[in-house]
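**Student:** coords please:
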Amino acid sequence: MASLLVVTIVAGLGAGLVSVQSSINRRHAQGIHNRQALYVAEAGLSEAFLALCVGKSGNVGTAAKPAMWGSGVYWVEATQDPEGSILLNSTGLVGGGRRSITAVVRAGSNPVAESGFFGMDGVTIGEGAIVDGCDSTLDNYEDELTPSARVTSNGDITLHGNLVAKDREAAAETFVYGNVSPGVEGVIVSEPGVQISGSTFPLTDEVSAPAIPVPDLPLSGGSVDLSGSSLSDVDLRYEAVQINAGTTLTLKGPLTLVVDTLEVDGTLELDGADGKVEVFVLRDFRFRAGSALEMISVLPTQVGIFLGDLGEPSGGAKAIETPEDALVFLPTGTFRGMLFAPFSDLTIPASLRVFGSVGGKTITLAPGARVTFDEAMLNADLGVDTLPQLLSWQVVELPDEDLVSSRLDPLLQLKLQGVEPVQSAQAHAESVVQLEYRDHTNVKRHYTGDISAFDLNDVYVLESVKWQDPVTLEFFGKLKAKHDEDDEDEQ
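**Tutor:** Down below sits the predicted model:
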């Protein structure tokens with residue numbers, strides 16, 4: 001009896017120890033799975049962030065068909081908040097581990113446009129000039145001007161009013177509908193007759209002018225007269241271009257023009273409706289009195305003019321620094337786009353209406369000039385690449401999904417459902433790519449299709465990448481086909 005009692009006690013203690021150890025092992029395994037699930041969710045955030053950098057939406061996989069990573073799965077949902085930031089919610093599952101992370105990402109912002117109207121060493125606004133803001137992505141934006149102007153400098157900002165007018169109602173007042181931000185040690189010099197609607201706080205840090213890579217193009221010719229010409233879908237490099245009085249040169253995108261000298265006595269027309277128009281002038285830039293600058297399209301985000309010493313071009317040879325007397329800018333008309341001359345003293349005449357952003361060594365708005373900062377320029381792919389920025393992230397509650405609420409291994413559960421998770425790189429919502437590139441013979445080519453079917457070895461210079469959701473692309477393809485049929489019926 002004593003022996004049986006001892007055996008029973010020992011067996012009970014052994015069973016208890018086995019139970020305790022099993023519980024410890026389960027908790028230990030669960031802790032490992034939870035940590036692995038966190039790592040998988042972080043991998044999902046990285047994949048989604050990379051997707052945003054290359055122009056995709058950031059949606060990767062779905063709860064019904066997640067992406068596979070290692071021994072786990074994940075999916076990422078991207079949504080845009082009212083302030084323009086992008087929320088990435090990534091859920092990772094490994095074994096019995098479940099973790100969900102949300103990250104806040106600020107969309108890429110063009111560093112040239114961020115400062116609005118920016119003079120590196122100073123800004124001067126003449127009497128009666130008006131600086132305001134708009135958003136060209138909205139309908140009737142020219143009639144719905146907003147107090148979103150940005151006037152910025154690392155030095156002083158001077159605003160001239162009317163000092164001598166006795167009749168205040170007749171005085172030409174100067175308006176800035178937005179913020180005026182002098183340098184860290186700069187000041188605002190404001191005369192009577194000046195109104196500023198926004199902040200006048202100085203900058204907290206000095207703003208650096210970004211380097212603009214000049215395309216390395218083969219020389220197309222020396223000095224050419226392009227008066228009366230229309231150019232489109234080409235990349236050209238000339239030593240000098242002349243536009244004579246009474247004639248017009250039309251540049252229609254997609255187009256890149258690199259010149260040492262641009263002499264304009266006639267009219268330069270810019271059309272970015274079908275692609276970007278970028279003009280790089282490395283030395284002399286002269287729009288003489290009587291010249292005109294006109295826009296055919298109303299897309300400021302598609303047109304950029306870059307002047308002077310712009311930094312290291314992609315080919316390695318440095319652009320020539322602009323001489324002090326090489327810039328004459330006296331056109332009439334309307335300019336919609338980005339005008340950037342980081343080493344030149346640039347004056348905007350009253351005869352030119354400007355929408356977009358302007359930067360220079362110094363910026364002067366002539367008396368009576370009117371310039372409008374376009375908020376859409378912040379997302380313009382002009383001059384430099386715009387990349388998103390990760391602002392913050394945190395672990396959040398798990399979503400209400402069947403795959404999450406079940407504590408089975410997600411790979412086993414998906415297998416039981418007959419679902420095959422896809423590899424991480426193939427799980428993006430967008431898989432159809434539209435490429436513009438130059439091959440090794442410098443011929444411009446286009447490709448539309450699945451990226452996995454494209455041979456990247458054919459690319460010498462990649463100029464444009466646009467990603468499309470196959471479902472959306474198919475929908476618009478059918479819509480276009482229907483419109484073509486309707487047009488044929490009408491004819």
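
**Student:** and the gap between residue 277 and residue 306?
**Tutor:** 12 Å (C-beta to C-beta, to the nearest Å). (Glycine included, C-beta is placed from N, CA and C.)

**Student:** give me the more crowded residue out of these two.
**Tutor:** Under the criterion of other C-beta atoms under 10 Å, the comparison of residue 277 against residue 306 puts residue 277 first, with 29 against 25.

**Student:** contact partners for that one?
**Tutor:** 251-255, 270-271, 302-304, 337 (C-beta atoms under 8 Å, 6 or more residues apart in numbering).

**Student:** show the buried residues in those residues.
**Tutor:** Among the contacts of residue 277, those classed as buried by 16 or more other C-beta atoms under 10 Å are 251-255, 270-271, 302-304, 337.

**Student:** tell me which of those has the lowest pLDDT.
**Tutor:** pLDDT is lowest at residue 253 among the buried ones among the contacts of residue 277; the value there is 84.

**Student:** excluding its backbone neighbours, what's nearest that residue?
**Tutor:** Leaving out its chain neighbours, the residue that sits closest to residue 253 by C-beta to C-beta, 6 or more residues apart in numbering is residue 275, at 3.4 Å.

**Student:** what's the burial count for that neighbour?
**Tutor:** 18.

**Student:** what's the answer for residue 51, then?
**Tutor:** Residue 51, neighbours per other C-beta under 10 Å, totals 23.

**Student:** again with residue 1
**Tutor:** So residue 1, with other C-beta under 10 Å, has 5 neighbours.

**Student:** and for the one 3 residues further on?
**Tutor:** Residue 4 is flanked by 8 other residues according to other C-beta under 10 Å.

**Student:** isn't there a helix covering it?
**Tutor:** Yes. Residue 4 sits within a helix when classified using DSSP: H, G, I helix; E, B strand; the rest coil.

**Student:** do you know how far the spatially closest residue to residue 450 that is not a sequence neighbour is from residue 60?
**Tutor:** Counting by C-beta to C-beta, 6+ apart, residue 450 lies nearest to residue 431, which is 5.9 Å off, once chain neighbours are set aside. Using C-beta to C-beta, one gets 11 Å for the distance from residue 431 to residue 60.

**Student:** one more: residue 401?
**Tutor:** Counting by C-beta to C-beta, the separation of residue 401 from residue 60 is 15 Å.

**Student:** who has more neighbours, the two?
**Tutor:** residue 60 (28 against 17).

**Student:** quick check: mean pLDDT across the helix or strand hosting residue 363?
**Tutor:** Per DSSP states H and E, residue 363 falls inside strand 352-365. The average pLDDT for strand 352-365 rounds to 93.

**Student:** tell me how far that strand lies from the chain's centre.
**Tutor:** A distance of 20 Å separates the centroid of the chain from that of strand 352-365, by C-alpha atoms, centre = their mean, to the nearest Å.

**Student:** hmm, back to that, in strands, which of the contacts of residue 277 appear?
**Tutor:** If you go by DSSP state E, these have 251-255, 270-271, 303-304, 337 in strands.

**Student:** could I get those as JSON lines with distance to residue 176?
**Tutor:** Listed next are the ones in strands among the contacts of residue 277 as JSON lines, based on distance: C-beta to C-beta, whole Å:
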{"residue": "251", "distance to residue 176": "32"}
{"residue": "252", "distance to residue 176": "35"}
{"residue": "253", "distance to residue 176": "32"}
{"residue": "254", "distance to residue 176": "35"}
{"residue": "255", "distance to residue 176": "34"}
{"residue": "270", "distance to residue 176": "27"}
{"residue": "271", "distance to residue 176": "31"}
{"residue": "303", "distance to residue 176": "24"}
{"residue": "304", "distance to residue 176": "24"}
{"residue": "337", "distance to residue 176": "21"}
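
**Student:** now the next helix or strand after the strand holding residue 363: how far from the chain's centre is it?
**Tutor:** Next in sequence after strand 352-365, counting helices and strands by DSSP H and E, comes strand 370-374. Centroid separation for strand 370-374 versus its chain: 19 Å, with C-alpha atoms, centre = their mean.

**Student:** ok, now stretch 249-263?
**Tutor:** Per C-alpha atoms, centre = their mean, the centroid offset for stretch 249-263 relative to its chain is 23 Å.

**Student:** SS state for residue 192?
**Tutor:** Following three-state DSSP, the label given to residue 192 is coil.

**Student:** got the contact list for the residue lying closest to it once chain neighbours are set aside?
**Tutor:** Leaving aside its sequence neighbours, residue 192 sits nearest to residue 161 (C-beta to C-beta, 6+ apart; 4.9 Å). Counting by C-beta under 8 Å, 6+ apart, residue 161 makes contact with 127, 171, 173-174, 190-194.

**Student:** tell me which stretches of the stretch 1-150 of the chain form helices.
**Tutor:** For the stretch 1-150 of the chain, helices defined by DSSP state H, counting those that start in this stretch occupy the ranges 2-53.

**Student:** contacts only, for residue 427.
**Tutor:** Listed by C-beta under 8 Å, 6+ apart, the contact set of residue 427 reads 47, 60-61, 66-67, 75.

**Student:** now it, nearest residue through space, not along the chain?
**Tutor:** Nearest residue to residue 427 in three dimensions, chain neighbours excluded: residue 67, at 3.5 Å (C-beta to C-beta, 6+ apart).

**Student:** the one you found: neighbour count?
**Tutor:** Residue 67: 25 surrounding residues under other C-beta under 10 Å.

**Student:** over to residue 3?
**Tutor:** 7.

**Student:** hang on, the earlier thing: now distance to residue 35 too, for the contacts of residue 277, in a markdown table please.
**Tutor:** Formatted as a markdown table, the contacts of residue 277 follow (distance: C-beta to C-beta, whole Å):
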| residue | distance to residue 35 |
| --- | --- |
| 251 | 56 |
| 252 | 56 |
| 253 | 50 |
| 254 | 48 |
| 255 | 53 |
| 270 | 55 |
| 271 | 56 |
| 302 | 47 |
| 303 | 51 |
| 304 | 48 |
| 337 | 50 |
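
**Student:** let me know the closest of those residues to residue 450.
**Tutor:** Each of those was checked against residue 450 using C-beta to C-beta; the closest is residue 254, at 22.9 Å.

**Student:** and that closest one, how far from residue 302?
**Tutor:** 9 Å.

**Student:** now do residue 412
**Tutor:** From residue 412 across to residue 302, the span is 51 Å (C-beta to C-beta).

**Student:** got it, and residue 395?
**Tutor:** Separation of residue 395 from residue 302 (C-beta to C-beta): 41 Å.

**Student:** what packs against the strand holding residue 363?
**Tutor:** strand 117-125, strand 332-348, strand 370-374 (3 or more C-beta pairs under 8 Å, 6 or more residues apart in numbering; DSSP states H and E).

**Student:** compute the inter-axis angle for that strand and strand 117-125.
**Tutor:** 70 degrees (axes from the mean of the first three to the mean of the last three C-alpha atoms, to 10 degrees).
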